[in-house]
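S.K.: can you look at this prediction? I've put the sequence above it.
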Amino acid sequence: MRAAVSAPRVLLAGTGSGCGKTTVTCAVLQALTDRGLRLGAFKCGPDYIDPMFHSRIIGAESGNLDLFFFGGDMARRLLAGGAGQRDVSVIEGVMGYYDGMGLTSTQASAYDLARETDSPAVLVVGAKGASLSLLAVIEGFLRFRPDSHIRGIIFNQCAPAVYAALAEAVRERFGGRVKPLGYLPPMADCALESRHLGLVTAGEVVDLRDKLRRLACQAEKTVDLDGLLALARSAPALEWELAAPVKFPEPVRVAVAEDKAFCFRYRDSLAVLEELGAELVPFRPLEDRALPEDIHGLYLCGGYPELYARELSENRTMLASVRGALERGVPCIAECGGFMYLTEAIGDWPMVGYLPGRCRDTGRLTRFGYVTLTAKRDNLLCRAGERIRGHEFHHWDAENPGEDFTAEKASGKFWDCVFATDRLYAGFPHFHFRANPAFAENFYRACVKEKHRNDS
């Protein structure tokens, strides 16, 4: 059985990384929020940081739409979720519009998402240091795929006089196939800082609210927001296959790390546990003295524990609480930064010490990109031979990264990773429960078993 819903939406894509699509997306989201519209926000691909900025603006969590993790049907379902409570949804693209897995594939690209969700796309074009050549860029993007879905153009870092000439040239050359929808001028005082994994997190930008206010004011002046909304409302209804929900009869409590050090998590992945019946209980490894009481599972997400290693290390009561829970057999998922927290040390700072080895900064990206994980032994999440899709993206590495799963890239490169037992998944790869819901169900069953461990 199929479901369908009207869901006005637009995808803001870029010609490449660094063209300003996050800046433009934040400006548009803030300007539309200031108009009183109810917004949804999404990010194409496995990004944790950009959705944090979206969430700060719209006052609700932003989601990820990743066609490597799950297919088009699930992407449409997630995009449609809550559509009745939104006036419009804004999707931010990833890298360049056609950039997908590998160098020659559009798989899992922003274009792939626009095609699978039938969403109109607006191309963000960086205009610094160019003029007429920008039309050649636009023409190339339009012609590269006949079904490009590109319906509008926003120029970034564009002078007002240059935009007037560019807009007229776009209208004349493309005859209505694509519409100029405005520009943002150079705004150095609104730049968002970066570090090795992309932008710094939204919580670290001290003057973020002021920057967003200035961006929104500029967007109201120089971006055709009404034209953008009209384009979003032209999108056809979203359709997807209905699936029978799985619900466990018994609730469990799962502690979820949430603070500055542990902030890389997928909202829609954790929502799978809630759909199964779990209560997610947030805690702060940086500040809380111990884990929440009466928990039956533990989820340590990724983030930047290396930036807060001293504070984490000095919170000895929390370290002891986490170690005690693991030694008691509380089921635990620890991804990337969460895995690092369980090792002996991050740099020179002692950590939980439940897993052998220390972590160190390699000074470069290590094992970067999408992977398919295959279990080598039965474990907390799955049977030997079962698979889930995930990704790695980190500068730090561990002396002992584990060997109970095999990670394989599309190129054929593979390596061993992850510590996995009947009560533990701990390793650098991140994964998404929507990619294989059976993993979530197995974790839930382990939590139920933990709940009754001391029953007579």
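M.R.: Received the coordinates, thanks. Numbering: from 1, shown residues only.
S.K.: all contacts plus neighbour counts: C-alpha atoms, from now on.
M.R.: Fine.
S.K.: just the helices from this structure, written as ranges.
M.R.: 21-34, 49-58, 72-80, 110-117, 133-144, 160-174, 208-222, 225-233, 267-276, 309-314, 316-328, 337-342, 437-451 (DSSP state H).
S.K.: give me whichever of the ones you listed is most buried.
M.R.: Highest mean neighbour count among those (mean count of other CA atoms under 10 Å): helix 337-342, with a mean of 28.
S.K.: correct me if wrong: L184 contacts I153.
M.R.: No: using CA atoms under 8 Å, L184 is not in contact with I153, being 11.6 Å away.
S.K.: can you put the helices of the chain in CSV and add distance to G402 and mean pLDDT?
M.R.: Formatted as CSV, the helices of the chain follow (distance: least, CA to CA, whole Å; pLDDT from 0 to 100):
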stretch, distance to G402, mean pLDDT
helix 21-34, 35, 94
helix 49-58, 27, 84
helix 72-80, 31, 96
helix 110-117, 33, 98
helix 133-144, 43, 97
helix 160-174, 54, 95
helix 208-222, 39, 92
helix 225-233, 46, 98
helix 267-276, 23, 96
helix 309-314, 21, 98
helix 316-328, 17, 98
helix 337-342, 10, 98
helix 437-451, 19, 98
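S.K.: quick one: residues contacting the residue lying closest to V10 once chain neighbours are set aside.
M.R.: What sits nearest to V10 in space, not counting adjacent residues and going by CA to CA, 6 or more residues apart in numbering, is A232, at 4.9 Å. Contact analysis of A232 by CA atoms under 8 Å, 6 or more residues apart in numbering lists 8-10, 88, 119-120.
S.K.: hmm, try it at 10 Å
M.R.: 7-11, 87-90, 119-121, 226 (CA atoms under 10 Å, 6 or more residues apart in numbering).
S.K.: what about the residue nearest to F69 when sequence neighbours are not counted, neighbour count?
M.R.: Spatial nearest neighbour of F69, excluding adjacent residues (CA to CA, 6+ apart): A435 at 4.9 Å. Residues contacting A435 under the criterion other CA atoms under 10 Å number 21.
S.K.: so A435 makes contact with G72?
M.R.: No: contact criterion CA atoms under 10 Å: A435 and G72 do not qualify, at 11.9 Å.
S.K.: what touches both of these two?
M.R.: The contact sets of A435 and G72 overlap at D66 (CA under 10 Å, 6+ apart).
S.K.: residues of stretch 409-416 that come out buried?
M.R.: Buried residues in stretch 409-416, counted by 16 or more other CA atoms under 10 Å: 409, 416.
S.K.: ugh, wrong one, stretch 295-307
M.R.: Buried residues in stretch 295-307 (16+ other CA under 10 Å): 295-306.
S.K.: do stretch 32-48 as well
M.R.: Those would be 32-34, 38-48, for stretch 32-48 by 16+ other CA under 10 Å.
S.K.: now for these, which pair is the farthest apart?
M.R.: By the measure CA to CA, D34 and P46 form the most distant pair in the buried residues of stretch 32-48, at 28.2 Å.
S.K.: just the strands in the stretch 251-400 of the chain please.
M.R.: Ranges of strands within the stretch 251-400 of the chain are 252-257, 262-264, 278-283, 297-300, 302-303, 332-335, 345-346, 349-350, 358-375, 387-398, based on DSSP state E, counting those that start in this stretch.
S.K.: out of those strands, which gets nearest to A130?
M.R.: Of all those, strand 358-375 comes closest under CA to CA, at 31.6 Å.
S.K.: please identify which of the contacts of A232 is nearest to Y163.
M.R.: Closest approach between these and Y163, by CA to CA: D226, at 18.0 Å.
S.K.: pull the contacting residues for that closest one.
M.R.: 32, 181, 220, 232.
S.K.: hang on, the third one packs against V28?
M.R.: Spelled out, that is E220. Yes: between E220 and V28 there is a contact under CA under 10 Å: 8.5 Å.
S.K.: OK, contacts around the nearest residue to H391 once chain neighbours are set aside?
M.R.: Leaving aside its sequence neighbours, H391 sits nearest to Y370 (CA to CA, 6+ apart; 4.2 Å). Applying CA under 10 Å, 6+ apart, we find Y370 in contact with 46, 68-69, 101-102, 389-393, 407-410, 429-431.
S.K.: mind doing that once more with 8 Å?
M.R.: Applying CA under 8 Å, 6+ apart to Y370 gives the contacts 68, 101, 389-392, 409-410.
S.K.: go on, P350?
M.R.: P350 sits in contact with 313, 344, where contact means CA under 8 Å, 6+ apart.
S.K.: so what's it bridging to?
M.R.: A345 (DSSP bridges).
S.K.: quick check, pLDDT for it.
M.R.: P350 carries a pLDDT value of 98.
S.K.: for G337, see how far away it is.
M.R.: Between P350 and G337 the computed distance is 14 Å (CA to CA, to the nearest Å).
S.K.: then L298?
M.R.: For L298 relative to G337 (CA to CA), the value is 14 Å.
S.K.: how about L276?
M.R.: 26 Å.
S.K.: ok so, going back, who are the contact partners of the residue nearest to F69?
M.R.: A435 neighbours (CA under 8 Å, 6+ apart): 69-70, 388-389.
S.K.: what's near enough to touch R383?
M.R.: Residues in contact with R383 (CA under 8 Å, 6+ apart) are 375, 377.
S.K.: swap in the one 10 residues further on?
M.R.: For F393, the contacting residues are 197, 365-369, taking CA under 8 Å, 6+ apart as the criterion.
S.K.: if we use 6 Å, what do you get?
M.R.: When contacts are counted by CA atoms under 6 Å, 6 or more residues apart in numbering, F393 touches F368.
S.K.: how about C301?
M.R.: Counting by CA under 6 Å, 6+ apart, C301 makes contact with 262, 264-265, 334-335, 338.
S.K.: per-residue confidence at it?
M.R.: Value for C301, per-residue pLDDT: 97.
S.K.: and what of G363?
M.R.: In the prediction, the pLDDT value recorded for G363 is 86.
S.K.: can you give me the neighbour number for it?
M.R.: By other CA under 10 Å, the burial measure for G363, its neighbour count, is 11.
S.K.: ok, and the closest non-adjacent residue to it?
M.R.: H395 (6.0 Å).
S.K.: so how many other residues sit close to the one you found?
M.R.: 16.
S.K.: again, but for N454
M.R.: Neighbour count of N454, defined by other CA under 10 Å: 7.
S.K.: equivalent analysis for W396, please.
M.R.: Neighbour tally, W396, other CA under 10 Å: 20.
S.K.: quick one: contacts for it?
M.R.: Counting by CA under 6 Å, 6+ apart, W396 makes contact with 360-362.
S.K.: and what of V281?
M.R.: With contact set as CA under 6 Å, 6+ apart, V281 has these partners: 254-256.
S.K.: pLDDT at it, what is it?
M.R.: Residue-level pLDDT assigned to V281 equals 98.
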